[in-house]
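1. what follows is a predicted structure for the sequence shown.
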Amino acid sequence: MKKVVTLGEIMLRLSTIEDTRMAESQMFAADYGGGEANVAVSLANYGHQVAFASKVPQNPLGQAVKQHLRKYGVDTRFLLEGGERLGTYYLETGVGLRSSNVVYDRKYSSFAMMTELEWQLDDLLGETELLLLSGITPALSDSWRQLTLTLAKAAKERGITVVLDVNYRGKLWSVADCGTLVREMANWVDVLSAGRLDALNFFMVPEVDGATLDYYYEEIQKGYPNIKTFYSTTREVIDANHNFLLGNLYTEGVLYQSVNYDIQQIVDRVGGGDAYTGGILHGLLTGMSPQETVDFAALASAMKHTFHGDHNQLSATEISEMLKNGVKEIKR
């Protein structure tokens, strides 16, 4: 398997239980997660050699993060120790007409306070064949905006496939600031996770009534011909427990789409996009056809909605069997 590095912040997640409001909660369920770490777990579950690069405090919470990642087979040699605290986020789980809500408590975290790359680039990138970065990391500080660009450039110079998941978080920075960074960073990106709204808001693609998704990808590619592959999901929200989910993959001028999954009993939507990214990267790394890739990724994302916690828990074999036999078959 090819070697992969994902880089970003991992946090302690404290989520409400029994459908309570956050302000009324007396107990929270504790998990660990973050976009790039979640993708690393998915890829490790699929058998890839994947390392997660981040920084956590040298205390029991930092140790718990390391144990969490190692449990799933993620390489933690680039997980630095130091700083004062582990970032935290609180999740009020939605139900019915009430949407989920996230409150971040991640300022001054060990990772966010980094002002320089504390890894030797030759060590971090030396044997790497794919580097995953996201738009969450540069939202954390001015330093990380520059450091993220530095990483993308360094990877591109070494012939590494650079993947960017825009993953915009409105609670962390503005559309304008995100757009400025994404447009600059896109010059060193090979694979881009972005949807129609990303094209409109961050790449300034003119909206055309009735245009299909491939139009927006074609317009982005005109300015950034280095981007060879685009992917995204299209989600229709009925309520907090019922969504439709469709996978999209655009490559070599063709838009491939999955079936539209009707997810009627959502256990936990958080991490669904990360599970989709993990599935897309698995397909790209193993030489699946574009249609096989989008089918695998969409089912991985749909199934993530049935697990509590940030990350997907299925193996590649399990997903492939579900694609072959159907997702409602009884295993005997």
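-> Cool, the structure landed. Residues are numbered from 1 along each chain as shown.

2. give me the number of residues near Gly82?
-> Applying other C-beta atoms under 10 Å, we find 14 residues neighbouring Gly82. All C-beta spots, glycine's among them, are computed from the backbone N, C-alpha and C.

3. for Asn260, that is, sorry about that
-> Look at Asn260: counted by other C-beta under 10 Å, it has 13 neighbours.

4. assess the claim that it and Asn243 are in contact.
-> No: using C-beta atoms under 8 Å, Asn260 is not in contact with Asn243, being 10.4 Å away.

5. what about the strands in the stretch 51-200 of the chain?
-> Taking DSSP state E, counting those that start in this stretch, the strands of the stretch 51-200 of the chain run over residues 79-81, 88-92, 101-105, 130-134, 161-165, 191-193.

6. reformat the ones you listed as CSV; add distance to Met113.
-> Output for these, formatted as CSV (distance: least, C-beta to C-beta, whole Å):
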stretch, distance to Met113
strand 79-81, 12
strand 88-92, 15
strand 101-105, 14
strand 130-134, 19
strand 161-165, 23
strand 191-193, 27
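
7. quick one: the ones you listed as TSV, columns for distance to Arg21, mean neighbour count and mean pLDDT too.
-> Formatted as TSV, the strands of the stretch 51-200 of the chain follow (distance: least, C-beta to C-beta, whole Å; neighbours: other C-beta atoms under 10 Å; pLDDT from 0 to 100):
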stretch	distance to Arg21	mean neighbour count	mean pLDDT
strand 79-81	34	17	98
strand 88-92	6	19	89
strand 101-105	9	13	86
strand 130-134	29	25	98
strand 161-165	30	24	97
strand 191-193	32	24	98
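
8. low-confidence ranges in the stretch 1-150 of the chain?
-> 1-2 (pLDDT under 70).

9. show me where it has helices.
-> For the stretch 1-150 of the chain, applying DSSP state H, counting those that start in this stretch gives helices covering 35-45, 60-71, 121-125, 142-157.

10. so how far is the longest one off the chain centroid?
-> Pointing back at helix 142-157 there. 18 Å (C-alpha atoms, centre = their mean, to the nearest Å).

11. do the same with stretch 143-159
-> Worked out by C-alpha atoms, centre = their mean, stretch 143-159 lies 18 Å from the chain centre.

12. run through who's touching it.
-> Stretch 143-159 is contacted from outside by 7, 112, 114-117, 121, 125, 128, 131, 133, 137-138, 162, 164, 181, 184-185, 188-189, using C-beta atoms under 8 Å, 6 or more residues apart in numbering.

13. for Arg77, which of the helices of the stretch 1-150 of the chain is the nearest?
-> helix 121-125 (8.7 Å; C-beta to C-beta).

14. identify the residues contacting that closest one?
-> 5, 53, 78, 117, 131, 154-155, 158, 160.

15. how does it look with 10 Å?
-> Contacts of helix 121-125 with the rest of the structure, by C-beta atoms under 10 Å, 6 or more residues apart in numbering, involve 3, 5, 7, 51, 53, 77-78, 117-119, 131, 150-151, 154-155, 157-158, 160.

16. and it, what's buried?
-> Of all the residues in helix 121-125, those buried under the rule 16 or more other C-beta atoms under 10 Å are 124-125.

17. pull the CA atoms of that helix into CSV?
-> Output of helix 121-125 as CSV, limited to C-alpha atoms (Å, rounded to 0.1, in the frame of the first residue of the first chain):
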residue,chain,number,x,y,z
LEU,A,121,10.2,18.0,6.0
ASP,A,122,12.5,15.3,4.7
ASP,A,123,11.2,13.0,7.6
LEU,A,124,7.6,14.0,7.3
LEU,A,125,7.4,13.8,3.5
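
18. return the alpha-carbon coordinates of stretch 4-18 using PDB.
-> Provided in PDB are the C-alpha atoms of stretch 4-18 (Å, rounded to 0.1, in the frame of the first residue of the first chain):
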ATOM      1  CA  VAL A   4      -0.100   8.600   3.300                       C
ATOM      2  CA  VAL A   5       0.200  11.500   5.700                       C
ATOM      3  CA  THR A   6      -2.700  13.500   7.000                       C
ATOM      4  CA  LEU A   7      -2.100  16.600   9.000                       C
ATOM      5  CA  GLY A   8      -4.400  18.600  11.300                       C
ATOM      6  CA  GLU A   9      -5.800  19.000  14.700                       C
ATOM      7  CA  ILE A  10      -7.400  16.200  16.700                       C
ATOM      8  CA  MET A  11      -9.700  17.200  19.500                       C
ATOM      9  CA  LEU A  12     -11.600  15.800  22.500                       C
ATOM     10  CA  ARG A  13     -15.200  15.600  21.500                       C
ATOM     11  CA  LEU A  14     -17.900  15.900  24.200                       C
ATOM     12  CA  SER A  15     -21.300  15.200  22.900                       C
ATOM     13  CA  THR A  16     -24.700  15.400  24.500                       C
ATOM     14  CA  ILE A  17     -26.600  12.200  25.200                       C
ATOM     15  CA  GLU A  18     -30.300  11.300  25.300                       C
END
